[in-house]
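*Asks:* For reference, the sequence and a predicted model appear below.
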Amino acid sequence: MQQYLDILQNIMDNGVEVADRTGVGTKSIFGVQARYDLRDGFPLVTTKKTFLRWIVVELIWLIRGDTNIKYLVDRKVWIWNEWPFQNYLKLNNLEEKFPSYSDEWFAEKDRFIEKIRELPADDEFVVKYGDLGPVYGKQWRNFNGEWVDQIQNLVERIKTNPWCRRLIVSAWNPAQIESMLLPPCHSFFQFNVDTTNNLLNLQLYQRSADTFLWVPFNIASYSTLLMLIAKITGYTPGTFVHTLWDAHVYQNHYEQVNLQLSREPLPLPELKLLKDIKTIEDIEKLEWEDFELVWYQSHDRIPAPVAV
């Protein structure tokens with residue numbers, strides 16, 4: 001994972017300080033790329049503990065086309081909690097009562113998430129306040145609400161026309177951006193089939209990359225996606241290419257980044273799929289218990305706030 005650390009170091013050394021949507025401020029560089037060959041091991045960051053269970057559960061949620069955090073909350077995955085909670089405060093004129101990241105804000109967020117967890121999925125509160133709008137999964141499986149299933153189309157093209165240069169899935173939909181609580185950061189990905197070596201490769205274009213906090217999740221998530229699609233199409237997972245348009249570090253992550261850069265990377269682990277899968281529907285039914293992470297060693301976790 002030295003490539004990932006090099007990107008962090010490049011940002012800290014050469015990044016331009018700019019304002020951003022969140023008001024926190026960042027150091028940013030434009031246009032970087034890394035390549036992770038899955039035959040060398042599963043690219044899970046080792047210089048801080050990275051929770052692969054969260055990543056895999058979120059990925060299955062995306063593939064299912066789900067946009068409500070209820071599925072994630074029920075599985076104790078907290079990745080998306082901040083955005084629907086902040087939207088709940090906004091819709092109920094509670095933002096002044098619960099200033100962002102105050103003790104009161106965190107306590108109220110815990111109450112909000114517990115309510116989502118306790119209520120059934122079809123409860124009015126869950127449906128209204130747990131939903132993120134037509135984000136990733138909606139666009140993957142039902143683009144623009146027109147039942148264009150990009151994932152199904154992708155799999156069929158890989159199987160029937162592996163030389164195709166249109167093996168593309170787009171989460172970026174200008175017609176519905178304003179309806180999303182967070183427009184897609186990892187916005188566009190494309191597969192490549194190496195028929196000579198029976199390899200399936202994947203490139204992700206990421207328009208916005210919180211390089212300390214979320215990029216390790218993105219690397220592991222799309223590497224897992226590559227594994228799953230390779231499995232149901234009969235190929236060996238090859239290389240994940242990660243292209244970052246705006247790679248940035250938030251100002252309130254500088255200390256954490258310097259700590260991470262002081263650590264030596266450890267050998268990469270292996271991710272095993274314990275259940276046989278043949279279709280997208282099989283993928284949708286997977287749970288974290290159907291995977292096994294082998295030989296993962298890491299340094300201690302490094303907590304950091306999320307910029308909403």
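*Replies:* Looks like it came in fine. Numbers count the residues shown, from 1 in each chain.
*Asks:* Show me how this structure divides into domains.
*Replies:* Split into domains by automatic domain parsing, the chain comes to 2-67+136-294, 69-131.
*Asks:* what about the shortest one, how long is it end to end?
*Replies:* To tie it back to what came earlier, the one meant is domain 69-131. 6 Å (CA to CA, to the nearest Å).
*Asks:* Most tightly packed of the domains of the chain?
*Replies:* Burial among the domains of the chain, expressed as mean neighbours by mean count of other CB atoms under 10 Å, is greatest for domain 2-67+136-294, which shows a mean of 17. Every residue, glycine included, has its C-beta placed from N, CA and C.
*Asks:* Report the mean per-residue pLDDT for it.
*Replies:* Averaged across domain 2-67+136-294, the pLDDT comes to 96.
*Asks:* and that domain, how far from the chain's centre?
*Replies:* 6 Å (CA atoms, centre = their mean, to the nearest Å).
*Asks:* residues contacting the residue nearest the centre of the chain?
*Replies:* Note on the chain: the residue nearest the mean C-alpha position is Asn218, at 4.4 Å, using CA atoms, centre = their mean. With contacts defined as CB atoms under 8 Å, 6 or more residues apart in numbering, the neighbours of Asn218 are Cys185, His186, Leu204, Gln206, Ala209, His242.
*Asks:* Secondary structure element holding Val169?
*Replies:* Using DSSP states H and E, Val169 sits in strand 168-170.
*Asks:* elements contacting the helix or strand that that strand is followed by?
*Replies:* Per DSSP H and E, the first helix or strand lying C-terminal to strand 168-170 is strand 186-194. Judged by 3 or more CB pairs under 8 Å, 6 or more residues apart in numbering; DSSP states H and E, strand 186-194 is in contact with helix 150-160, strand 168-170, strand 199-210, helix 215-233.
*Asks:* how about the helices of the stretch 1-150 of the chain, start to end?
*Replies:* Secondary structure of the stretch 1-150 of the chain (DSSP state H, counting those that start in this stretch): helices at 2-14, 52-63, 70-74, 82-91, 103-118, 124-129, 136-141, 150-160.
*Asks:* so which of these comes closest to Arg263?
*Replies:* helix 2-14 (8.7 Å; CB to CB).
*Asks:* measure the nearest residue to Leu182 once chain neighbours are set aside to Gly130 for me?
*Replies:* Spatial nearest neighbour of Leu182, excluding adjacent residues (CB to CB, 6 or more residues apart in numbering): Trp83 at 5.4 Å. Using CB to CB, to the nearest Å, Trp83 is found at 11 Å from Gly130.
*Asks:* go on, Glu281?
*Replies:* Taking CB to CB, one finds Glu281 at 24 Å from Gly130.
*Asks:* same check, this time on Glu108
*Replies:* 15 Å.
*Asks:* re earlier: and the domains of the chain as CSV, adding distance to Asp300?
*Replies:* Formatted as CSV, the domains of the chain follow (distance: least, CB to CB, whole Å):
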stretch, distance to Asp300
domain 2-67+136-294, 6
domain 69-131, 19
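*Asks:* right, and those - which one's nearest Ile302?
*Replies:* Nearest to Ile302 among these is domain 2-67+136-294 (4.5 Å), distances taken as CB to CB.
*Asks:* got the end-to-end distance for that closest one?
*Replies:* 20 Å.
*Asks:* With stretch 118-137 instead?
*Replies:* Stretch 118-137: ends 24 Å apart by CA to CA.
*Asks:* need the longest strand for this structure.
*Replies:* strand 236-250 (DSSP state E).
*Asks:* Report the angle between that one and helix 2-14.
*Replies:* 20 degrees (axes from the mean of the first three to the mean of the last three CA atoms, to 10 degrees).
*Asks:* following strand 236-250, which helix or strand comes up?
*Replies:* helix 254-261.
*Asks:* Counting by contacts, list what that following helix packs against.
*Replies:* Here helix 254-261 touches helix 2-14, going by 3+ CB pairs under 8 Å, 6+ apart.
*Asks:* Just the residues contacting the helix it packs on, thanks.
*Replies:* 27-29, 32, 34-36, 45, 47, 211-212, 215-216, 219, 244, 247-249, 254, 257-258, 260-261, 265.
*Asks:* neighbours of the nearest residue to Asp131 once chain neighbours are set aside, just the number please.
*Replies:* Leaving aside its chain neighbours, Asp131 sits nearest to Asn68 (4.8 Å; criterion: CB to CB, 6+ apart). Neighbourhood size, Asn68 [other CB atoms under 10 Å]: 20.
*Asks:* show me what contacts Asn68?
*Replies:* Residues near Asn68 by CB under 8 Å, 6+ apart: Ala121, Val126, Val127, Gly130, Asp131, Leu132.
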